[in-house]
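>>> quick one, structure for this:
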Amino acid sequence: MNYEHWRHYARGWLLHFFGNAEAAYKAYVLAYVADPKDVASARALAAIAADKKKWDVAESWFEKVLALQPEDSDTWFNLGFVREHAGKTTAALEAFTASVRLKPAQDRAWYGKGLAHARLGQHEMAVDAFAEAAKLQPMNGEAYYQWGMALHHANRPDEVATVVRKLVGFEPKRAKKLVQDAERADLMHLIPELPF
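You can find the predicted model right below:
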């Protein structure tokens with residue numbers, strides 16, 4: 001047992017638990033230095049950096065986690081998330097793709113993949129990714145909205161109408177926004193009278 005590592009890790013965990021992220025970060029760094037195979041400390045360091053919006057630092061720590069656990073779908077998703085926030089859309093797309101390859105039911109990674117494709121102007125691929133996210137989370141109005149917008153940008157107007165019809169059933173307000181943002185006044189008749 002590496003006493004030095006566990007002493008720093010336990011201190012980091014307690015400090016983190018009680019809300020002192022800065023001191024926890026320092027303790028986790030010492031734990032990781034004492035044991036560079038410490039996935040838990042690397043993951044905690046990545047999470048703290050992401051919470052502080054230090055995207056490049058978080059990216060580096062998530063990469064360290066993946067060097068130790070390359071088959072961890074959730075970490076691939078988290079890496080994609082921080083890369084997207086750092087403005088590294090292509091690299092984010094690679095991470096989201098790895099996440100869904102490892103765990104095809106990872107709906108949030110499909111959603112992130114859709115956003116990345118859309119930002120890169122790859123609207124047909126965005127359509128497929130958002131469709132999968134909506135299939136996995138059938139009550140996720142934002143996934144449906146993004147799916148509809150991707151269809152709009154891919155010039156598939158009939159399918160936009162299909163998404164609006166589905167979305168109206170559980171989020172009519174968001175369906176109305178989709179109709180407006182896609183400039184589809186012809187679909188406004190599908191939107192019920194909203195009291196707000």
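>>> just give me the neighbour total for Thr162.
13 (other CB atoms under 10 Å). Backbone N, C-alpha and C define where each C-beta goes, glycine included.
>>> residue contacts, it?
By CB atoms under 8 Å, 6 or more residues apart in numbering, no residues touch Thr162.
>>> hmm, 10 Å instead?
Thr162 makes contact with Trp147, Gly148, Leu151, Arg156 under the criterion CB atoms under 10 Å, 6 or more residues apart in numbering.
>>> now do His152
His123, Val127, Glu159, Val160, Val163, Leu178, Asp181, Ala182, Glu183, Arg184.
>>> just Leu167 next, same as before
Contacts of Leu167 (CB under 10 Å, 6+ apart): 134, 141, 143-145, 147-148, 173-179, 190-191.
>>> only alpha carbons, please: show whichever helix or strand Ala175 is part of as CSV.
Secondary structure from DSSP states H and E places Ala175 in helix 172-181. Extracted as CSV, the C-alpha positions of helix 172-181 are listed here (Å, rounded to 0.1, in the frame of the first residue of the first chain):
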residue,chain,number,x,y,z
PRO,A,172,-45.3,22.4,-27.9
LYS,A,173,-43.3,25.5,-26.9
ARG,A,174,-40.1,24.1,-28.3
ALA,A,175,-41.9,22.8,-31.4
LYS,A,176,-43.0,26.4,-32.0
LYS,A,177,-39.4,27.6,-31.7
LEU,A,178,-38.3,24.9,-34.2
VAL,A,179,-41.0,26.1,-36.6
GLN,A,180,-39.9,29.7,-36.2
ASP,A,181,-36.1,29.1,-36.3
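>>> elements contacting it?
helix 141-153, helix 157-168 (3 or more CB pairs under 10 Å, 6 or more residues apart in numbering; DSSP states H and E).
>>> so which of the ones you listed is the most packed in?
helix 141-153 (a mean of 23; mean count of other CB atoms under 10 Å).
>>> could you give the angle of that one to helix 157-168?
170 degrees (axes from the mean of the first three to the mean of the last three CA atoms, to 10 degrees).
>>> show the average pLDDT along helix 141-153.
Across helix 141-153, pLDDT averages out at 98.
>>> can you give me how far that helix is from the chain middle?
With CA atoms, centre = their mean, to the nearest Å as the basis, helix 141-153 stands 16 Å off its chain's centre.
>>> where does the chain dip in pLDDT?
Within the chain, the segments meeting pLDDT under 70 span 1, 194-196.
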